[in-house]
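> structure, please.
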Amino acid sequence: MAVVVAAVAFGSAVCFACLSDRNSQTAIWYSLVPPMLAIVLAFLTHHVLASLGIAIVVGGLLTAVPQAPLSAVAWLEGLRTVCVYVIDTAANTTNLQILAFIPPIFVMVEIIIASGGFSGIIVWFLKRVKSGKSAQLATAAMGILCFIDDYASAIIVGSMMQPITDRFRVSREKLAFLVDATSAPISGLAVISTWIAYEVGLFADVSQELGMGKTGYSMFFDALSFRFYCLIMIAFIFVQIIAGREFGPMKAAEDSAKANAKTADTDASSSKAVGDSVSLAELKLSGRAINALLPLGGLILFHITGLWIDGNGPAKLGQAGMLFSWVYWREVISSAQHSHIILFCAALFGVTLALLCGRLSGSLRTSALPGCFYRGIKRAATPSVILILAWSLKNCCDSLGTGEFLITVLAGRVSPCWFPPILFVVACLTSFATGTSWGTMAILIPTAIPIAFALDGRVYGLTTIISLGAVLDGAIFGDHCSPISDTTIMSATASSCNLMQHVRTQLPYSLLVAGLALVCGYVPSAAGLAARWSLSLAIFVLLCFFVAVKAATGTGGETAG
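This next block holds a predicted model:
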């Protein structure tokens, strides 16, 4: 059945693309094939590396073979293009900076585990966390607090909270969802984060090009009220946890975790995933929370300080009390030009602090260090390879014009009141197909916002403002739940959850939130309803949904714990 459904979905997408392309001189219908193939194969085979590899090969061949299908030279050129995609991706400076951050973070986590740091925090949490529900609430709260960067949030929260959620039999799938849902959605909303400089920069460019007379910051804040997907996702997380009701594949995963009544098996599984045993008796003996708090706090402080210096923060201090101004910090972080390098240095600083704390406290044996480095690098290898392939597929989509094709299909065919909702759907499809939120923003903001501006009568009006929020939110949808998204990969890895199982279980939740954002948010807001009332309507419908789920499932749908 899964094969049939996947084949129908793939065939329908290709037919739609082909039909949409029949009158176009620029759009290429088969540009949709590589990302769709990667996603369909990933769902069918559960082998992400193979699925991405096949999709990249097909994409490379499509760049040359359609022009001369009987030419051996064209086929060789297509294969050469495949190698170019991967080599260019692996040699890209920005990509290398992101990849360089991953191994030291995992090594730091392993050192903290070996020195009893996480055990100390777990002991503290276990005194206050009494159920699976409170463990999930603590995970969500930590994800929101780590708002500075989505990568750091996914790895730190997933690694730290895994033993706690394991103890209360919260499934790895649910942990991965909570980690993922509070990484990109939170960082994308935060007025102080590594995202805002990128978002504001794109807004400023399109404003200057179209003569809007608006700054990138003012456009960001105008659109903030219309970030329905991110805002509803935050509400969904807490409503769902408090309601204690699961649905879809996540319910099966939670039921399976709850049914496993063998505490020893649960503890052993946690031990294998994070490196050391976490039985309660040993936690009480080995808990040294300072061995975790100091390195993690140092990493965050180093990161913020680095962004402050890189963003010329000292020179921007003009008056007393300005250091505590949100406006000041937004301007400073938006000016930072080397956020990935700073994150890498912060990770190295965290590793150094973890080593010092472990050695000075006497809880970290010298003989344990090689194992910590080996496990950390080993855990970083798989997501690093997947990221390289995912980025290579993105390069393939850029070459074939996947994003441009989706925009071309819609251009000039919709009315102003329908354009923002449709743009949200297009952004969702583009980000899900390409696995990149930043790439989706880079494609859609310069191409779709001019259309919205024209529909507004070439004035900075409601359609333009809602469209800005729709692009950002739709881009984050794909970043949140696409199997080829970097944060999805990192969230699954940090939570020791199978990637495709993570995608399969969280997708119904994400689709529900996206549906509410579309139907209760973007459609009524584009028709003139105030953003606050659209958001209130969405939350009301969300509450009604969980009341209905509770009535339908009775006590059988409660969260584990």
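> flag the shaky bits of the stretch 301-450 of the chain, pLDDT-wise.
Scanning the stretch 301-450 of the chain with the threshold set as pLDDT under 70 gives 318-324, 326, 330, 333-334, 383, 387, 403-404, 406-414, 443.
> what's the longest helix in the chain?
helix 369-400 (DSSP state H).
> got the buried residues for that one?
By neighbour count with 16 or more other C-beta atoms under 10 Å, helix 369-400 contains the buried residues 369, 372-373, 375-377, 379-380, 383-384, 386-400. All C-beta spots, glycine's among them, are computed from the backbone N, C-alpha and C.
> same deal with stretch 507-526?
Going by 16+ other C-beta under 10 Å, stretch 507-526 has these buried residues: 507-510, 512-514, 516-518, 520-526.
> then stretch 451-465?
For stretch 451-465, using 16+ other C-beta under 10 Å, the buried residues are 451-456, 460, 462-465.
> could you single out the nearest of the residues you listed to residue 257?
residue 465 (43.2 Å; C-beta to C-beta).
> gap between the closest one and residue 99?
Residue 465 is 36 Å from residue 99, where distance means C-beta to C-beta, to the nearest Å.
> do residue 341 as well
Noted for residue 341: a distance of 12 Å to residue 99, by C-beta to C-beta.
> which one of those two has more residues nearby?
Using other C-beta atoms under 10 Å as the criterion, residue 341 and residue 99 rank with residue 99 on top: 20 against 17.
> secondary structure element holding that one?
helix 93-114 (DSSP states H and E).
> which residues in the stretch 1-150 of the chain form helices?
Under the criterion DSSP state H, counting those that start in this stretch, helices of the stretch 1-150 of the chain are mapped to 2-20, 33-45, 48-62, 72-91, 93-114, 117-128, 132-145, 150-167.
> so which of the ones you listed is nearest residue 176?
Closest among the helices of the stretch 1-150 of the chain, using C-beta to C-beta: helix 150-167, at 7.0 Å.
> I'd like the next helix or strand past the closest one.
That would be, after helix 150-167 and using DSSP H and E, helix 172-181.
> send the alpha carbons of that following helix over as CSV?
Provided in CSV are the C-alpha atoms of helix 172-181 (Å, rounded to 0.1, in the frame of the first residue of the first chain):
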residue,chain,number,x,y,z
ARG,A,172,12.3,9.0,21.4
GLU,A,173,9.9,10.1,18.6
LYS,A,174,8.1,12.5,20.9
LEU,A,175,11.4,13.8,22.3
ALA,A,176,12.7,14.4,18.7
PHE,A,177,9.4,16.2,17.9
LEU,A,178,9.7,18.5,20.9
VAL,A,179,13.3,19.3,20.1
ASP,A,180,12.6,19.9,16.4
ALA,A,181,9.5,22.0,17.1
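> buried ones in it, by neighbour count?
Judged by neighbour count (16+ other C-beta under 10 Å), helix 172-181 contains these buried residues: 172-181.
> packing partners for it?
helix 132-145, helix 150-167, helix 228-243, helix 249-259, helix 462-481, helix 486-494, helix 499-516 (3 or more C-beta pairs under 8 Å, 6 or more residues apart in numbering; DSSP states H and E).
> what's the angle from the longest one to helix 486-494?
Calculated by axes from the mean of the first three to the mean of the last three C-alpha atoms, to 10 degrees, helix 462-481 forms an angle of 30 degrees with helix 486-494.
> please renumber the chain so that the first residue is 29 from this point on.
Renumbered: residue one is now 29, and that last one reads helix 490-509.
> please state the offset of helix 490-509 from the chain centre?
How far helix 490-509 lies from its chain's middle: 14 Å, per C-alpha atoms, centre = their mean, to the nearest Å.
> need the pLDDT of the spatially closest residue to residue 164 that is not a sequence neighbour.
Distance criterion C-beta to C-beta, 6 or more residues apart in numbering; nearest residue to residue 164, sequence neighbours excluded, is residue 269 at 4.7 Å. Per-residue confidence (pLDDT) for residue 269: 91.
> just give me the neighbour total for residue 269.
Residue 269 has 20 neighbours, counted by other C-beta under 10 Å.
> I'd assumed residue 194 was in contact with residue 163.
No - using C-beta atoms under 8 Å, residue 163 makes no contact with residue 194, being 9.2 Å away.
> poorly predicted segments of the stretch 29-178 of the chain, please.
29-55, 67, 70-71, 74, 76, 146, 150, 153-154, 176-177.
> quick one, domains of this protein?
Here the domain parsing of the chain from automatic domain parsing is 29-119, 122-219+290-407.
> relative to residue 571, which of the helices and strands packed on helix 200-209 is closest?
Set against residue 571 and scored by C-beta to C-beta, those come closest in helix 256-271, at 6.5 Å.
> pull out the buried positions in that closest one.
Neighbour counts over helix 256-271 (16+ other C-beta under 10 Å) mark 256-265, 267-269, 271 as buried.
> let me have the residues you listed in CSV, extended by distance to residue 185.
Shown next, in CSV, are the buried residues of helix 256-271 (distance: C-beta to C-beta, whole Å):
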residue, distance to residue 185
256, 24
257, 20
258, 17
259, 20
260, 21
261, 15
262, 15
263, 19
264, 18
265, 13
267, 20
268, 17
269, 15
271, 22
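> now, which of the residues you listed sits nearest residue 223?
Distances from residue 223 to the buried residues of helix 256-271, taken by C-beta to C-beta, are shortest for residue 258, at 11.2 Å.
> dump the residue contacts of the residue lying closest to that closest one once chain neighbours are set aside.
Spatial nearest neighbour of residue 258, excluding adjacent residues (C-beta to C-beta, 6+ apart): residue 213 at 4.3 Å. Residue 213 is in contact with 257-258, 261-262, 504, 508, counting by C-beta atoms under 8 Å, 6 or more residues apart in numbering.
> from memory residue 569 sits against residue 548, does it?
Yes - shown here, residue 569 and residue 548 form a contact pair, counting by C-beta under 8 Å, at 5.7 Å.
> so how far is the host helix or strand of residue 327 from its chain's centroid?
Using DSSP H and E, residue 327 sits within helix 318-338. Here the centre of helix 318-338 is set off from its chain's centre by 22 Å, with C-alpha atoms, centre = their mean.
> mind listing what's buried in it?
For helix 318-338, the neighbour count (16+ other C-beta under 10 Å) marks 318-324, 326-328, 330-332, 334-336, 338 as buried.
> list the contacts of stretch 266-283.
161, 164-165, 168, 198-202, 205, 529, 532-534, 536-537, 567, 570-571, 574, 577-578, 581, 585-588.
> what about that stretch, how long is it end to end?
This stretch, stretch 266-283, spans 20 Å end to end (C-alpha to C-alpha, to the nearest Å).
> now do stretch 197-213
With C-alpha to C-alpha as the measure, stretch 197-213 spans 26 Å from end to end.
> so which of the buried residues of stretch 479-493 is the closest to residue 386?
residue 493 (50.9 Å).
> please name the nearest non-neighbouring residue to that closest one.
Nearest non-adjacent residue to residue 493 (C-beta to C-beta, 6+ apart): residue 250, at 4.9 Å.
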